[in-house]
Structures are given as C-alpha cells and as structure tokens.
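> Need coordinates for the following:
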Amino acid sequence: MKLVVGLGNPGETYEGTRHNLGFMVLDRLAARYGTFVDTKKKKSMIGRFRIGKERVMLLKPQTFVNLSGEAVLYMASFLRIMPENIVVVCDDVNLPLGKIRIRKYGSSGGHNGVKSLIQFLRSDNFPRVRIGVGAPPEHEKMEDFVLGKFSGEELGILEPSLTKACEAIEMIINGEMDNAMNLYNT
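Numbers count the residues shown, from 1 in each chain. Coordinates of the predicted model:
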C-alpha cells in the first residue's frame, strides 16, 4: 500500500490558503478516481482507491501543518507502511507559483510540516512533490503569506500544476520516480 499525504491545516478557515495546497492536490487526485478524502480516522481524514494493482490511501492530517508527523506516524505504523512508500505533497515558498519539484528524499527545505514528518518518522527517506506558491512580498510576514488565500489569478496559474502534481504522484506510485522527476523537474 502507498500512503499519499497532503499537508495543510484543518477547518474552513484555512481552505484555499497557500499552506493547504497539499489538501487541494489530494482532493483533485481523489476526484480523478471517483472518491473523496472524507473519512475520519484518528487524527486524519482519509480516502482510498487503487491505481492498477496498487492500493492507495490519501491522508489529510488534522493536526495542523506543524504537527503533521504525528498523524502520519500513527497511520504509517498502523498500516505498516515504510517511509519510502509515503508520498508527501506540500507548498513551497522557495519555488515560483505553480512550479513543481519532486525529490526522492532529503531535508525539510524549511517546511515545518515536512520537518515534523522527518522528526516523527525518524527518516527523510520519503518522496515529496512540492508545488511553488512563490515568496511573500518584502513587507509581509511568512506566516501571514502561507496562511493567506490564493487570488483568482493565482488559482488560474495553479490549475495546470494541480493536474501535473496528480500525474506525478501516479507515476511515483507506479514506480516511475525517475521519470516523474525528469518530466516535472524542468
């Protein structure tokens, strides 16, 4: 089984914010397979489907971004899923809006949600799909920026990136990590 984790904050207040880009991708991926991420399980919302023969669980931690590792560790332990079978989807302020960057493993890159996963899983050996939200304007605090909502114009720019992120995740699940990196890390 593969576990696909979208990072974000729970609740209506945070819907449509930059930090919830991981949740947005999971909703798009679920829709592609005719399912929803709507079942409450411990500290997460989950959805399930198959890609070919591979069973996939989508997971939206409900612990807020900074504590995402707690919910992911619980589910990964319960399902006996190793870190390398966990695909993490998150926003990235170090990438231009809509740019996708895929990594097999590595540091948190300054993302507190990824940092929490590394801490709780005691490993950085999990693939991640990062989607750029751009950097905050000079006068805006980082926290205010990532918790701010996308404008209509920004959502228009992001639209194709959501689809590309889903395609990349499908490739990773199918064992085509290198091909996904070659195709989307341009």
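
> Quick check: nearest residue in space to residue 134, chain neighbours excluded?
Nearest residue to residue 134 in three dimensions, chain neighbours excluded: residue 97, at 4.3 Å (CB to CB, 6 or more residues apart in numbering). For glycine as for every other residue, the C-beta is placed from the backbone atoms N, C-alpha and C.

> Helix or strand: which one has that neighbour?
Assigned by DSSP states H and E, residue 97 belongs to no helix or strand.

> Quick check: it touching residue 153?
No - shown here, residue 97 and residue 153 do not form a contact pair, counting by CB atoms under 8 Å, at 9.6 Å.

> Looking at these two, which has the bigger crowd around it?
Neighbours per residue, other CB atoms under 10 Å: of residue 97 and residue 153, the larger number sits with residue 97, 16 against 9.

> Give me the phi and psi for the more buried one.
Here is the backbone geometry of residue 97 (degrees, to the nearest 10): phi -50, psi 120.

> contacting residues around it?
Contacts were defined as CB atoms under 8 Å, 6 or more residues apart in numbering; by that measure residue 97 touches 132, 133, 134, 154, 157, 158.

> If I look at it, what pLDDT would I see?
We note a pLDDT of 97 for residue 97 in this prediction.

> And residue 50, by the same measure?
On the pLDDT scale, residue 50 gets 94.

> do residue 109 as well
Note on residue 109: pLDDT of 88.

> wait, isn't it in contact with residue 118?
No - taking CB under 8 Å as the definition, residue 109 is not a contact partner of residue 118, at 10.6 Å.

> higher neighbour count, these two?
For residue 109 and residue 118, the more surrounded residue by other CB under 10 Å is residue 118, and the numbers stand at 20 against 16.

> quick one, what contacts that one?
Taking CB under 8 Å, 6+ apart as the test, what residue 118 contacts is 69, 107, 108, 124.

> Filter the contacts of residue 97 down to the buried ones, PyMOL style.
Filtering these down to the buried ones (16 or more other CB atoms under 10 Å) takes a single PyMOL command:
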select buried, resi 132+133+134+154+158
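
> JSON lines for the contacts of residue 97, including distance to residue 11?
Formatted as JSON lines, the contacts of residue 97 follow (distance: CB to CB, whole Å):
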{"residue": "132", "distance to residue 11": "24"}
{"residue": "133", "distance to residue 11": "19"}
{"residue": "134", "distance to residue 11": "24"}
{"residue": "154", "distance to residue 11": "21"}
{"residue": "157", "distance to residue 11": "25"}
{"residue": "158", "distance to residue 11": "21"}
